[in-house]
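Visitor: mind folding the following:
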Amino acid sequence: MLGDRSKAITITKAEAADLVDLSDFIKPFVDSGDILPRTYDELEYLLETFFIARLNGRLVGCAALEIYSKKLCEIRSLAVDPSAQGLGIGKSLVAACVELAARAGVYEIMAISAAEEFFKSCGFDFTLPRQKRAFFLQTRDEM
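Guide: Residues are numbered from 1 along each chain as shown. Next up, the predicted model:
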């Protein structure tokens, strides 16, 4: 029953003891090209702003907030185990990142993703007030 399963979902900040599991968890998402590779050192660097989701104690999702300045931060490495998708885990992870950004006083949150509808459902859009847009230039071929 979905209601029973959703009660068993917890979102917490990652701890040093989670680093190996976190590294293992994101590997299939990196291999499929859904998220960018993260070294163990990068994961450790982001530990203070990395959130993990557990379903009945099992790691089923993660997301990190990288704060660049008081003006801008980015949601990175958002991944949810396919077996746990549709339970609101991704939205809960994004909400944890947004809450952290708000507490830190960061003005804008960016997410770079192919999951357009998901991020729109979380309140993200392609433009900011007064029609500000992000522009990108790729300096190398895709990995």
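Visitor: which element follows the helix or strand of the chain with the lowest mean pLDDT toward the C-terminus?
Guide: Least confident element among the helices and strands of the chain, by mean pLDDT, DSSP states H and E: helix 2-7 (a mean of 50). Per DSSP states H and E, the first helix or strand lying C-terminal to helix 2-7 is strand 9-13.
Visitor: what ranges do the helices span in the chain?
Guide: 2-7, 19-31, 40-45, 89-104, 116-121 (DSSP state H).
Visitor: show me which residues of stretch 120-127 are buried.
Guide: Within stretch 120-127, the residues that count as buried by 16 or more other Cβ atoms under 10 Å are Cys122, Phe124. Using the backbone N, CA and C atoms, a C-beta is placed for each residue, glycine as well.
Visitor: actually stretch 43-59, sorry about that
Guide: Of the residues in stretch 43-59, Leu43, Glu44, Leu46, Leu47, Thr49, Phe50, Phe51, Ile52, Ala53, Arg54, Leu55, Leu59 count as buried by neighbour count, 16+ other Cβ under 10 Å.
Visitor: check stretch 15-28 too.
Guide: Taking 16+ other Cβ under 10 Å as the neighbour-count basis, stretch 15-28 is seen to contain the buried residues Asp18, Leu22, Ser23, Phe25, Ile26.
Visitor: just flag the most distant two among those residues.
Guide: Pairwise distances among these were taken by Cβ to Cβ; the largest, 11.6 Å, belongs to Asp18 and Ile26.
Visitor: next, count neighbours for the closest residue to Leu72 other than its chain neighbours.
Guide: Take Leu72 and drop its neighbours on the chain: the residue closest to it by Cβ to Cβ, 6 or more residues apart in numbering is Glu108, 5.1 Å away. Glu108: 15 surrounding residues under other Cβ atoms under 10 Å.
Visitor: isn't Ala134 right next to Ala111, touching?
Guide: No. Here Ala134 lies out of contact with Ala111, judged by Cβ atoms under 8 Å, at a distance of 10.2 Å.
Visitor: and Leu78, how far from Leu65?
Guide: Relative to Leu65, Leu78 is positioned 10 Å away (criterion: Cβ to Cβ, to the nearest Å).
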